[in-house]
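> From the sequence below, what's the structure:
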Amino acid sequence: MPRVLIIDDSAVERTIIAKVMTGLGYSIVEANDGEEGEEKAKSVKPDIIVLDVVMPKKDGFQVCRNLKKAPETANIPIIMITSKDQDSDKFWGMKQGALAYLIKPFNEDDLKSAVVKAMTPS
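Numbering: from 1, shown residues only. Presented below is the predicted three-dimensional model:
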């Protein structure tokens, strides 16, 4: 069973994302902040990561950049889901290596589409 790592400081958001991802056949691993998320990404090596931006300790931009630089996590697709809705935020998130950038509150179908796109070999 493929695994998703959900990195978000909101338990409510993690639950909503987990519901979508379990519906797609993923087992769930969760992290409460950017630091814990980075550690779990390196130890668990999930198939995909769903990442918030505004979090304590390390923000999602930092986490994404660090994971994309590390050889052991560089190929894990990352989808950002955040309340930061400016075009410059989306640009910056994609520049850090995210495959998709969704705005909270997100549409479940948009998340499903982003996951399918991220997991489809090109």
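> Now do stretch 94-107: distance to the chain's middle.
Distance, stretch centre to chain centre, for stretch 94-107: 8 Å (CA atoms, centre = their mean, to the nearest Å).
> Now do that stretch, average pLDDT.
Computed over stretch 94-107, the mean pLDDT rounds to 95.
> If you count neighbours, what's buried in that stretch?
96-104, 106 (16 or more other CB atoms under 10 Å). Any C-beta I mention is one placed from the backbone N, CA and C, and that applies to glycine too.
> What of stretch 20-40?
20-21, 26, 28-38, 40.
> Endpoints of it, how far apart?
With CA to CA, to the nearest Å as the measure, stretch 20-40 spans 21 Å from end to end.
> what residues does it touch?
Residues outside stretch 20-40 that contact it (CB atoms under 8 Å, 6 or more residues apart in numbering) are 1-9, 14, 18, 44, 46-51, 55-60, 62-63, 66-67, 108, 111-112, 115.
> Centre of the chain to it, how far?
Worked out by CA atoms, centre = their mean, stretch 20-40 lies 8 Å from the chain centre.
> now swap in stretch 72-86 and tell me
For stretch 72-86 - counting by CA atoms, centre = their mean - the centre lies 4 Å from the chain centre.
> Ser43 is in contact with Thr73, correct?
No. In this structure, Thr73 is not within contact of Ser43 by CB atoms under 8 Å, at 10.2 Å.
> Fine by me, we can end here.
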